[in-house]
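**Student:** Need a 3D model of the following:
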Amino acid sequence: MVFLFFNGIEIACNYIITIDINDIKKVDSMKEKILTIKETAQYLKMGTTTIYKLILKKNLPATKVANKWRIRKSKLDKWVDEMQYNNNKIETTTL
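**Tutor:** Predicted coordinates:
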């Protein structure tokens, strides 16, 4: 008999359960927040036009999904950190 703990409740089980660590990683990566252009603009306190310009100049990491731009929040946070670390000025005036 195997005893499992689930949300603080002990459960007796007659089966051996195996969990592949890769399956756990896949579930964790599926939880990652994906932002729209509007959500990204709100998060960065910028206009949506500025976000589009940054993407088109390949300054901001983004991917097109079903013809709509999407930004992974983790990559966005990393980009912001890099910009602060390098003390970079964001140029969006010309495309």
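**Student:** And Glu32, how far from Gly47?
**Tutor:** Separation of Glu32 from Gly47 (Cβ to Cβ, to the nearest Å): 25 Å. Where C-beta positions appear, they are placed from N, C-alpha and C, glycine not excepted.
**Student:** for the protein, which helix is longest?
**Tutor:** helix 73-86 (DSSP state H).
**Student:** Check which residues of that one are buried.
**Tutor:** Judged by neighbour count using 16 or more other Cβ atoms under 10 Å, the buried positions of helix 73-86 are Leu76, Trp79.
**Student:** Please apply the same query to stretch 42-52.
**Tutor:** Tyr43, Leu44, Ile51, Tyr52.
**Student:** With stretch 33-40 instead?
**Tutor:** Buried residues in stretch 33-40, counted by 16+ other Cβ under 10 Å: Leu35, Ile37, Glu39, Thr40.
**Student:** Can you tell me which of those is closest to Leu60?
**Tutor:** Thr40 (7.9 Å; Cβ to Cβ).
**Student:** what mean pLDDT would you report for the helix or strand harbouring the closest one?
**Tutor:** Assigned by DSSP states H and E, Thr40 falls within helix 37-44. Throughout helix 37-44, pLDDT has a mean value of 95.
**Student:** got the angle between it and helix 73-86?
**Tutor:** Taking axes from the mean of the first three to the mean of the last three Cα atoms, to 10 degrees, one finds helix 37-44 and helix 73-86 inclined to each other by 40 degrees.
**Student:** could you say what helices and strands helix 37-44 packs with?
**Tutor:** helix 48-56, strand 68-72, helix 73-86 (3 or more Cβ pairs under 8 Å, 6 or more residues apart in numbering; DSSP states H and E).
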